[in-house]
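**Q** quick one, what's the 3D model for this:
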Amino acid sequence: MPLETVNLVLASAFTAGCMVIHACRHRADDITLVLVLVLIGLANLSAAALLSRTGPALDPAFAAGLVAYRSHHE
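**A** Numbering: from 1, shown residues only. So this is what the prediction gives:
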């Protein structure tokens, strides 16, 4: 999808969201709950997108060695 189309869809979604918030302003508690849930979802989505671009944090072989290691205290 071209970047202009994505921007148009995002702007339309933002405008529609503003219209819904304005129309439901008499139910502020419900709108607050929905907005908090949307914020949590966006934070998780952003973190997942960021982590998918950075690659694995550890080398898989090194991570397997850490998991297989047993301390001498057992």
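**Q** shaky segments in the chain?
**A** Applying pLDDT under 70 to the chain flags residues 1, 56, 70-74.
**Q** in it, spot the helix with the most residues.
**A** Criterion DSSP state H: the longest helix present in the chain is helix 28-54.
**Q** name the helices or strands packed onto that one?
**A** Applying 3 or more CB pairs under 8 Å, 6 or more residues apart in numbering; DSSP states H and E, we find helix 28-54 packed against no helix or strand. Heads up, the C-betas are built off the backbone N, CA and C, glycines and all.
**Q** Val38 versus the residue positioned nearest the centre of the chain, what's the distance?
**A** Geometric centre of the chain, nearest residue: Leu45, 2.0 Å, by CA atoms, centre = their mean. Leu45 sits 10 Å away from Val38, going by CB to CB, to the nearest Å.
**Q** likewise for Ala23?
**A** Ala23 is 17 Å from Val38, by CB to CB.
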